[in-house]
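Trainee: A structural model of the following input is requested.
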Amino acid sequence: MPIINRIADLQADIVAWRRDIHTHPELLFDVHRTAALVVEKLKSFGVDEVVAGLGRTGVVGVIRGKTNTSGKTVGLRADMDALPITEATGKPYASTNQGLMHACGHDGHTAMLLGAARYLAETRNFDGTVAVIFQPAEEGGGGGREMVEDGIMERFGISEVFGMHNMPGIPLGQFAIREGGIMAGTDEFIIDIEGHGGHAAMPHLAVDPVIVSAHIITGLQTLVSRNVNPIRQAVLSVTTVNAGTAHNVIPRTSRLTGTVRTLDEEVRTQMEKGMKRLAPQLAEAFGATASVTYRRGYPVTVNAPAQTAFAASVAGEIVGEANVNPDVDPTMGGEDFAYMLNARPGAYIFLGNGDTSDLHTDTYDFNEEAIPYGVSFWARLAERALPAQ
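Mentor: Numbers count the residues shown, from 1 in each chain. Coordinates of the predicted model:
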């Protein structure tokens, strides 16, 4: 079944909402204008219940079907926040908030879920309840965690939850998904090294933390190449090295920072333990000391088997089975929808954005031609998950 005709009719309205949100980007939990727009639209659609202030500034709208013999509630989630990037698209609807930009398409995600809410509130051709979830602070703030901890799953009786993200490089009119880890756990580390400072011309009288840093940087890569099973994935990147203030002084201390990305919790734990073992021991070999601070960020985004297969089948109804990749390569980027998937079974799917600039760049723009595919997917997913009696 192709794009839903009624949704195609709503295209102009959805584009207008998207452009309005794009013009007024907001960061993290400070999405007050965006959340207010969402509340206003949901109420105007006749949504049965609208609750704001969840997870600080999140919004949930409740849409009840014509019947509710199933007693089931399905959650559909979109993110609302932007990024601290100065826009360079030159579009007439470009950001008017200096230094802020919707560079990841959350404006499009919010507008598409609003479009789906309008359609579902009009038709109500399902048996059960749909909860449309508008989340703040995906870009590093953990808004998904905040909404889960605020009890949205229990409060609204959500039994399954689904998310969607546009993806440049996937052709327009296509979807991609995979069972299991689809996006990585995103951890950070700090390694503080202490040696013994001295004159750069007399290194034998010092314990050089710069040399120790170099050996630790090299040694850390063996955690991936020689410790992690090669058919599983891990990325370890040292991204900053800070030491010293003068060309003729061996410093006393140095600091390394970076990130670790993994696609399952076992490898994640293995990497953390390995770093905490390897760095101090390498430092000790040189007569220095090293301490490792390991900070766990977003969990691995894990798609449940049944919900992944179901989402792929719904996408196939919209664009044809040949245009759905059911085993896309995972990405090592992170996504805090992981917290919702840890709370309830569900799946996260990629929507083709076509040949556009990459996410998180100053020239990126959400492809408005993708809107009918995304909105139709949400509408059909709700109707198929909650078939009318």
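Trainee: okay, which residue is most central for the protein?
Mentor: The chain has Glu335 as the residue nearest its centroid, 2.3 Å off, counting by CA atoms, centre = their mean.
Trainee: how much space is there between it and Thr361?
Mentor: Distance, Glu335 to Thr361, using CB to CB, to the nearest Å: 18 Å. (Glycine included, C-beta is placed from N, CA and C.)
Trainee: list the helices and strands the helix or strand bottoming out on mean pLDDT in the chain packs on?
Mentor: Every helix and strand of the chain was ranked by mean pLDDT, DSSP states H and E. The lowest is helix 5-9, at a mean of 91. Using 3 or more CB pairs under 8 Å, 6 or more residues apart in numbering; DSSP states H and E, the elements in contact with helix 5-9 are helix 106-123, helix 371-385.
Trainee: Pull out the buried residues from that helix.
Mentor: Using 16 or more other CB atoms under 10 Å as the test for burial, helix 5-9 gives Ile7.
Trainee: after it comes which helix or strand?
Mentor: Counting by DSSP states H and E, the element after helix 5-9 in chain order, helix or strand, is helix 11-23.
Trainee: Name the residues that touch the following helix or strand past that following helix?
Mentor: Using DSSP H and E, the helix or strand that directly follows helix 11-23 along the chain is helix 32-44. Residues outside helix 32-44 that contact it (CB atoms under 8 Å, 6 or more residues apart in numbering): 17, 20-21, 24, 26, 50, 52, 57-59, 61, 80-81, 110, 114, 117-118, 132, 134, 136.
Trainee: domain ranges for this protein?
Mentor: The chain resolves into domains spanning 5-182+300-385, 185-295 when parsed by automatic domain parsing.
Trainee: re earlier: and the contacts of helix 32-44, which of them are buried?
Mentor: 17, 21, 24, 26, 50, 52, 57-59, 61, 80-81, 110, 114, 117-118, 132, 134, 136.
Trainee: quick one: pLDDT of the nearest residue to Val228 once chain neighbours are set aside?
Mentor: Spatial nearest neighbour of Val228, chain neighbours left out: Ala234 (4.7 Å); criterion: CB to CB, 6 or more residues apart in numbering. On pLDDT, Ala234 comes in at 95.
Trainee: again with Ala12
Mentor: 97.
Trainee: Could I get the contacting residues of it?
Mentor: Per CB under 8 Å, 6+ apart, neighbours of Ala12: none.
Trainee: Not counting its neighbours along the chain, what's nearest Leu10?
Mentor: Nearest in space to Leu10, with sequence neighbours left out and distances taken as CB to CB, 6+ apart, is Gly115 at 5.4 Å.
Trainee: close enough to count as contact, that neighbour and Ile7?
Mentor: Yes: using CB atoms under 8 Å, Gly115 is in contact with Ile7, at 6.5 Å.
Trainee: Determine the residues that are contacts of both of these two.
Mentor: Taking CB under 8 Å, 6+ apart as the contact rule, Gly115 and Ile7 both touch Val375.
Trainee: Ala290 belongs to a strand?
Mentor: Yes: counting by DSSP: H, G, I helix; E, B strand; the rest coil, Ala290 is found in a strand.
Trainee: I figured it hits Ala279, correct?
Mentor: Yes: using CB under 8 Å, Ala290 is in contact with Ala279, at 4.5 Å.
Trainee: Find the residues that touch each one of these two.
Mentor: Shared contacts of Ala290 and Ala279, counting by CB under 8 Å, 6+ apart, come down to Ile191, Ile216.
Trainee: Pull the helix ranked longest in the chain out as CSV, backbone CA atoms only.
Mentor: Criterion DSSP state H: the longest helix present in the chain is helix 265-285. The C-alpha trace of helix 265-285 is given here as CSV (Å, rounded to 0.1, in the frame of the first residue of the first chain):
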residue,chain,number,x,y,z
GLU,A,265,26.7,-4.4,26.7
GLU,A,266,29.2,-7.3,27.0
VAL,A,267,31.7,-5.6,24.8
ARG,A,268,31.0,-2.3,26.5
THR,A,269,31.9,-3.8,29.9
GLN,A,270,34.9,-5.5,28.4
MET,A,271,36.3,-2.2,27.0
GLU,A,272,35.8,-0.4,30.4
LYS,A,273,37.6,-3.1,32.3
GLY,A,274,40.3,-3.3,29.8
MET,A,275,41.0,0.4,29.9
LYS,A,276,41.1,0.5,33.6
ARG,A,277,43.6,-2.4,33.6
LEU,A,278,45.9,-1.4,30.7
ALA,A,279,46.5,2.3,31.3
PRO,A,280,47.7,2.1,34.9
GLN,A,281,49.9,-0.9,34.1
LEU,A,282,51.5,0.7,31.1
ALA,A,283,52.1,3.9,33.2
GLU,A,284,53.7,1.8,36.0
ALA,A,285,56.1,0.3,33.5
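Trainee: any idea of the pLDDT on Met1?
Mentor: 52.
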